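A.B. asks: Provided below are the primary sequence and the corresponding predicted coordinates.
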Amino acid sequence: MAEILINTCSEDVIIAIYNNGKFDRTESVIGQKNNSQFIMPTIKKALDGKNPDKIYVVNGPGSFTGVRLGVTIAKTFAYTLEIPIKTISSLELKAVSLVEKNKIVGVKENNGYYIGIFDEDNNQVGDYEYIDNDAFEEFNNKHHVFTKVIIDYNKVYNYLKTKEELNPHAVKPLYIKKISVEK
């Protein structure tokens, strides 16, 4: 039984594979400019000729194009293969991997950070926020923000088991920051 986690929220493409309910490995493309060229070959390599039985997707916040790309591919797999799909935010992904009881996590973006606050059970506290680089320095001086987190894919998998399966058509990108035409 192969399950796949697609994360395209940053400049990197990371595909995690779970086999028989256990984390197996990741395939990744690090630091390339055009992820759209690399994501499908990376998924194909990761799946090694198997079809996934379940799909998980990191639906944001993060790179606008990256989020859209990952969500679209995950929805397409889920719909066409008629398999379950679940989402996890990029901030949840980090929070779940930490052992601290109460935590503030941040995801770097060109001009600032997406911020999420989580309790000891990894429940989101309040809304996600976007803080520009100047405001982040002050915020981080008052609160410790975890920005560099090593993802624990076993903890992530256990967390994902508790999440609700979604209709692929209901899966949406998670955008926090308004685009410049909305400001």
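C.D. replies: Structure's in. What do you need? Numbering: from 1, shown residues only.
A.B. asks: do you know how far residue 29 is from residue 120?
C.D. replies: 34 Å (CB to CB, to the nearest Å). For every residue, glycine as well, the C-beta is placed using N, CA and C.
A.B. asks: For residue 116, which residues are in contact?
C.D. replies: Neighbouring residues of residue 116 by CB atoms under 8 Å, 6 or more residues apart in numbering: 89, 91, 92, 95, 104, 105, 106, 124, 128, 129.
A.B. asks: Kindly recompute the last result at 10 Å.
C.D. replies: Contacts for residue 116 (CB atoms under 10 Å, 6 or more residues apart in numbering) come out as 61, 89-92, 94-95, 103-107, 124-129, 145, 176.
A.B. asks: Put the alpha carbons of the longest helix along the chain into CSV.
C.D. replies: When the chain is parsed with DSSP state H, its longest helix is helix 64-81. C-alpha atoms of helix 64-81 as CSV (Å, rounded to 0.1, in the frame of the first residue of the first chain):
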residue,chain,number,x,y,z
PHE,A,64,1.6,31.0,-4.8
THR,A,65,2.5,29.0,-7.9
GLY,A,66,3.9,26.1,-5.9
VAL,A,67,0.8,25.8,-3.7
ARG,A,68,-1.4,25.8,-6.8
LEU,A,69,0.8,23.3,-8.6
GLY,A,70,0.8,20.8,-5.7
VAL,A,71,-2.9,21.1,-5.0
THR,A,72,-3.9,20.7,-8.6
ILE,A,73,-1.7,17.6,-9.1
ALA,A,74,-3.0,16.0,-5.8
LYS,A,75,-6.6,16.7,-6.7
THR,A,76,-6.1,15.2,-10.1
PHE,A,77,-4.6,12.0,-8.7
ALA,A,78,-7.4,11.7,-6.1
TYR,A,79,-10.1,12.3,-8.6
THR,A,80,-8.8,10.1,-11.4
LEU,A,81,-7.6,7.2,-9.2
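A.B. asks: Kind regards, and thank you for your time.
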